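Colleague: what shape does this take:
(one chain, ligands or ions: 1)
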Amino acid sequence: MPYFDHNATTPLSPAAREIWLRASEEHWHNPSSPYRDAAKARIRLEGAHERVAEYLGSTKERIVFTSGATESAHAVLQHWGRTFAPGAKIAVNPTEHPCVLAAANLAFGERIVWLPVDRDGVVTVQAVREVVSGGQISGVIVMAANNETGALQPWAEIARICRAARIQYFCDAAQWLGKLPASGFSDVDWLIASGHKFGAPKGVGFIKLAEQSESFSTQPGGGQESGHRGGTENLASSWALATALGEAEQKKVFLEGERLRWREEFERSLIASLPGARIVAKDAERLWNTVSAILPTGENHRWVTRLDKRGFQVSTGSACASGKEGPSHVLAAMGVSAEESKRVIRVSAGWETTLEDWRGLAAALAEVAKEMRGAAESVTAVP
Ligand code: PLP
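Modeller: The predicted structure follows:
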């Protein structure tokens, strides 16, 4: 069944699965224990830190494995809350993932300055420059790629601005890593990511710590993760994450351009067969895998159900894993009305998605449109 919901989660990659099994069977010892088998586990764990650090241009001591991006976001924002000067303010992009918004609200509440976004939901570099030059801000939060629309943010430029102004920059790269190059993030102070977005198991992610963040701790305990996160380490998942990231780093080198063309062909078909449909964040640079579209008629749940029956798994516009969806705050920030929001579907491909899958989905959308038009006409024809 063609799966088009990779921004929600991805299947376990074969290489990550193999490593996970090997670690679970051969290296199940506690890495902190004092004998040789434990030392072997410790070496593997160190290797996982090293590999992730290498992809990100960092050092192994600054990579902290966590349970995922949500834990990571809360840990960083709590740390900011504890270590910034009393009354410090932060500037936040309003189209962040709900976990980052919740963490920022908990730690800073009224002391958040919202960054303006353009109609594609992208923060302008100028807006960041202005807010930073005001001298009132201690931290900036702008994600790398949006989970709903795929829009890319100018994070590299923002990192440079923040560095020059000696202001901390936090970047949620959960949707970027595994799809686009990991290199270039060395200028970002705080970076978070989640393994299950790129073929690793669920329940593992990491934080790249800023320089000089020795006091950072997600949870005190037995001194694991260089003292930054207490609790027996999850070697199998951490090693699988490093493996999956390595695999994705290879794929993007060869396949990214082609995958972007497939997405563009799909968008052209969608617009041609569904008059009145609109691609969200159309003019922004976007991830090669993501299309968010406002459909001309019918609530998105009806489209999702009908596509599912035809064998295509897509999502409604907003990301919320729990299924408790309200109107999307991302679309609202971009000026999309609540009514239009109800007609948004999100399609997100993976590396294993084929051109035939994209074409099949375009054909299925055209069929569903015809079916829904037919249903609407037969209702109006009833005397
Ligand atoms: N940030 C972004 C951009 C996401 O897309 C997600 C997941 O949907 C998260 C954070 C949360 O990730 P996790 O499931 O690892 O907590």
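
Colleague: how much space separates Phe266 from Ala362?
Modeller: Phe266 sits 5 Å away from Ala362, going by CB to CB, to the nearest Å. (Glycine included, C-beta is placed from N, CA and C.)

Colleague: who's more crowded, those two?
Modeller: In this view Phe266 and Ala362 are compared by other CB atoms under 10 Å, and Phe266 has more residues nearby, 23 against 20.

Colleague: quick one: pLDDT of the closest residue to that one other than its chain neighbours?
Modeller: Distance criterion CB to CB, 6 or more residues apart in numbering; nearest residue to Phe266, sequence neighbours excluded, is Trp358 at 4.6 Å. pLDDT for Trp358: 98.

Colleague: ok, Thr297 - contacts?
Modeller: Gly276, Arg343, Met372, Arg373, Ala376 (CB atoms under 8 Å, 6 or more residues apart in numbering).

Colleague: which of these fall in helices?
Modeller: Counted as lying in helices by DSSP state H, out of the contacts of Thr297, are Met372, Arg373, Ala376.

Colleague: going by neighbour count, which of the contacts of Thr297 comes out on top?
Modeller: Neighbour counts for those, by other CB under 10 Å, peak at Arg343, which reaches 23 neighbours.

Colleague: and for whatever residue of the chain ends up closest to the ligand, the neighbour number?
Modeller: Among all residues of the chain, Gly68 sits closest to the ligand, at 2.7 Å; criterion: CB to the nearest ligand atom. Residues contacting Gly68 under the criterion other CB under 10 Å number 20.

Colleague: give the closest residue to it in space, chain neighbours not counted.
Modeller: Spatially, and ignoring its direct neighbours in sequence, Gly68 is nearest to Gly205 (3.9 Å; CB to CB, 6+ apart).

Colleague: how many residues are close by that neighbour?
Modeller: Gly205 has 27 nearby residues by other CB under 10 Å.

Colleague: got the contact list for it?
Modeller: By CB under 8 Å, 6+ apart, the residues touching Gly205 are 65-69, 71-72, 174, 192-195, 241.

Colleague: isn't Val122 up against Trp155?
Modeller: No: using CB atoms under 8 Å, Val122 is not in contact with Trp155; the gap is 10.8 Å.

Colleague: return the residues of the stretch 1-150 of the chain in contact with the ligand.
Modeller: Gly68, Ala69, Thr70, His97, Cys99, Met143, Asn147 (CB under 6 Å from any ligand atom).

Colleague: at 8 Å instead, please
Modeller: 7-9, 67-73, 96-97, 99-100, 143, 145-147 (CB under 8 Å from any ligand atom).

Colleague: hmm, back to that, dump the contacts of Gly205 to a markdown table, plus pLDDT, distance to Glu247 and secondary structure.
Modeller: Listed next are these as a markdown table, based on pLDDT from 0 to 100; distance: CB to CB, whole Å; DSSP: H, G, I helix; E, B strand; the rest coil:
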| residue | pLDDT | distance to Glu247 | secondary structure |
| --- | --- | --- | --- |
| Phe65 | 98 | 18 | strand |
| Thr66 | 98 | 21 | strand |
| Ser67 | 98 | 22 | coil |
| Gly68 | 98 | 19 | coil |
| Ala69 | 98 | 19 | helix |
| Glu71 | 98 | 24 | helix |
| Ser72 | 98 | 22 | helix |
| Ala174 | 98 | 17 | coil |
| Ile192 | 98 | 20 | strand |
| Ala193 | 98 | 15 | strand |
| Ser194 | 98 | 16 | strand |
| Gly195 | 98 | 12 | helix |
| Leu241 | 98 | 11 | helix |
